[in-house]
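> return atomic coordinates for the entry below.
(3 chains)
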Amino acid sequence: MTEKIIIAGAGGQGIMLLGKVLAEGAMREGKYVTWLPSYGAEVRGGTAHCMVIISDEPIGSPYIDKADTLIIMNAPSLNKFRDRIKNKGLLIVNSSLAPEAGVASEGRHILRCPFTDLALKMGNIKIANMIALGCFIGKKKTVNSRSLLEVIGSIAPEHKKGLIEINQKALEEGMELGG
Amino acid sequence: MKSKSRQKEIKKILMTGNEAIAQGAIDAGCRFYAGYPITPQNELTAYMARCMPDSGGVFVQSESEVAAINMVFGASCAGARSMTSSSSPGISLKQEGISYIAGAELPAVVVNIMRGGPGLGNIWPSQSDYFQATRGGGHGDYHSIVLAPSSVQEAYDLMFLAFDLADNYRNPVMVLGDGILGQMMEPLQVTSHKSQVTGQKAVVCLPIGKATSQKTWALTGCEGRNPNIIKSFRMKEGDLEKLNLALQKKYKAIRQKEARFESLFLEDAKIIIVAYGTMARIAKGAVGMLRAKGKKAGLLRPITLWPFPEKVFKDLQARNSKLKTLLVTEMSYGQMLEDVKLALDGKLKVEFLGRAGGGVPTEEDIIRKAGKIL
Amino acid sequence: MKEAQKIFSRPRSLRNISTHYCGGCGHGIAHRLVAEIVDELGIRERVIAVAPVGCAVIAYDYWDFDCSEAAHGRALAVATGIKRVRPQNIVFTYQGDGDLAAIGTSETIHAANRGENVTVIFINNAIYGMTGGQMAPTTLLGQRTATTPAGRQIGVHGAPLKISEMLALLPAVKYIERVSLHSPQEVLKAKSAIKRAFQSQIDNLGFSMVEVLSACPTYWDMPPKKALDWIRDVMSKEFPLGRIK
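Residues are numbered from 1 along each chain as shown, chains lettered A, B, ... in the order given. Presented below is the predicted three-dimensional model:
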């Protein structure tokens, strides 16, 4: 099994964190994993993306040309990465911020979910990333949800411990969308 | 019993290459770091700022790359395992200090997380500093030992070797990575290491502020001994030539003992992909895919770029008569290629696939090129 | 009859060899003053010197304690590395005007601003000696050198750089004094300034520096006596003597 995932969105949407939680969860399950960030000169705004590869075998290139799964959190990222998906790949789109329906659906599975709206409904816009992550593993089951809940519980720094529960809930909410 | 159960507890940590290099250095006894921020190696400097003081070491954010390497010169004079890190444009600035370190025969480790050049270039991964790293880089007839890790784990592991080699040969050692290696995260298992230097005992670093030292040449104050002088300046007639002859003798010994490489399928390959660092893991992926298609590909990955593992190249033909071609692939335009050709001395066909300035050859690029050759 | 008493001898910290300096050059005196102070403070066995690039490049051949070289201008970066690793040692640099105030200005200012607890002996002779008498950052206006054949002009070459006054602005700089070697009285003052600078380091106070106005008869194209008078009458007007901080 090798799953190549590109996650893209705006700076500040927690794109890197989404990738890290996924990568860390996979690592805890004993899988090979690489996480490669975009590291531009822009600190806020612009598009941010990261590439995560999870595999049962040692990983060659950490760079992903065509992804098995593309998780898109805003409209500019959709434009940037729309062609970077394999035939029959999975495209997960945050329809709250990338509502455009103009993506050809031939040869790919598309999951459109309003992650940002759902996050707002749950009371914190910042958890949209965890809902999207939940949606991905609900659909693909690449990593066990228990590992991810554990990761969320353990990687939060001291001053953010209060946010663990809502992030875990967001992950579970997302899983239902994907499952 | 106890140690076994403890071993089970050794967990893997998800870490960037930059952080793994910093942690590896600290675990290898590095107690002095000076550096100046530059992308894509900033995580290394920040990690040192966070963790070096807790390890009883010194972190200095220097005013320039030039100052940083000269601070390393000073700290090394005083006996500490010392290092600096930067990325390509900053490494160019450090060349003055590296030349002085080579001339004064001081141990030091310099990390270069390469980015695109020439000039300010860009911040994307590159391997375009191969010539600069392996040919000396600064002025004078000298070599740095150059190590090229290709995974986060190896980046960590090679820091032990880097400091051991630096101390044992009293020579600058460069660890050459690129933006991908520095920025990517992989699981890392932190381990304890013994000296990996052939036939030599590892020199323990001089703890900060301690008076005793295995480095009898170090500047610690001349209590109970004659004064030590550390210099590269040799004006007396014949003196500098003597130093150069001694250096050449040392380099010869390093060439004989310290060349390292990794290989796959050398015995039956019809084509061998040659690559180092990040490119080597991409090449490894490509070799796996080619093999899956029944195509006999092999891999040769120099781990030391200087000394270049010439012997394994020279012996290829004798080991494998079916081998026809080597495909060298780089994130640069034919730099390591020259060393491969020199080692083969015209005996095998050598093809090349390279991109630079931020472009990275993919597994598919390699497979396509190899397919054409086969 | 009283037994003869030895009241003057070579300092323990100065090797018994002749220096390579020109007649009338100040370096020999400055080297000796440093050696005397090192002896008087009893720090010979824990002092570490950093030699410059310039006429004093082989100062380590004359001093009899631990020494390192440094690339041109980098003495204070090297000293930073040494002192941070071995804070119990007494670390000083000995630098000329080109080393300290031209090619090494950045290293000088930042080491001073970090408050590195080291001592600097700064030899200002308003010229580059080793390379053949070119303009220094401290060359006086109107002074002829190999690279200012018509004399230094403010609009072309800038004014003489007063690095001591500049450094005095930095909060972490604890002691700066400008002295001269143009007469025996001034040499004695120079000696006590050097002692104060080292004492400041021993007391862990921070960055200390002594600027020493020193003659270069060869490239000033003057006989030694006239060169000393020129310091007194001309150079010390541009670079006033005394405690700066």
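
> just checking, residue B:178 touches residue B:278?
Yes - applying C-beta atoms under 8 Å, one finds residue B:178 in contact with residue B:278, separated by 5.2 Å. To be clear about C-beta, it is placed using only N, CA and C from the backbone, and glycine gets the same treatment.

> what ranges do the helices span in chain C?
C:27-40, C:75-85, C:97-98, C:105-114, C:154-157, C:163-168, C:184-202, C:217-220, C:224-230, C:236-238 (DSSP state H).

> helices or strands up against the fourth one?
Which is helix C:105-114. Judged by 3 or more C-beta pairs under 8 Å, 6 or more residues apart in numbering or on different chains; DSSP states H and E, the packing partners of helix C:105-114 are helix B:65-77, helix C:75-85, helix C:163-168, strand C:207-213.

> got the residues of the stretch 1-150 of chain B near chain A?
Neighbours of chain A within the stretch 1-150 of chain B, by C-beta under 8 Å from any C-beta of the partner chain: B:12, B:14, B:39, B:40, B:123.

> what about the closest residue to the last one other than its chain neighbours, neighbour count?
When you say that, I think you mean residue B:123. Spatial nearest neighbour of residue B:123, chain neighbours left out: residue B:39 (4.5 Å); criterion: C-beta to C-beta, 6 or more residues apart in numbering or on different chains. When counting by other C-beta atoms under 10 Å in any protein chain shown, one arrives at 18 neighbours for residue B:39.

> got phi/psi on residue B:39?
Main-chain dihedrals, residue B:39, degrees, to the nearest 10: phi -80, psi 140.

> so it touches residue B:120, yeah?
No - applying C-beta under 8 Å as the test, residue B:39 and residue B:120 come out as separate, 11.1 Å apart.

> residue contacts, residue 57?
Looking at chain A here, since you left the chain open. Under the criterion of C-beta atoms under 8 Å, 6 or more residues apart in numbering or on different chains, the neighbours of residue A:57 are A:2, A:32.

> wait, chain C was what I had in mind.
Contacts for residue C:57 (C-beta under 8 Å, 6+ apart) come out as B:233, C:51, C:69, C:130.

> do you know how far it is from residue C:129?
11 Å (C-beta to C-beta, to the nearest Å).

> next one: residue B:43
Distance from residue B:43 to residue C:129, by C-beta to C-beta: 46 Å.

> near chain B, which residues of chain A?
Within chain A, the residues that sit near chain B (C-beta under 8 Å from any C-beta) are A:20, A:23-24, A:27, A:32-37, A:39-41, A:58-63, A:65.

> try chain C
C:44-48, C:50-51, C:57-58, C:60, C:63-71, C:74, C:77-89, C:106-107, C:109-110, C:114.

> what is the neighbour count of residue B:323?
Using other C-beta under 10 Å, residue B:323 has 20 other residues around it.

> quick revisit: show me the residues of chain A next to chain B that map onto helices.
A:20, A:23, A:24, A:27.

> which regions of chain C sit below the pLDDT cut-off?
Scanning chain C for pLDDT under 70 picks out the ranges C:1.

> residue of it nearest chain B, please.
residue C:81 (2.5 Å; C-beta to the nearest C-beta).
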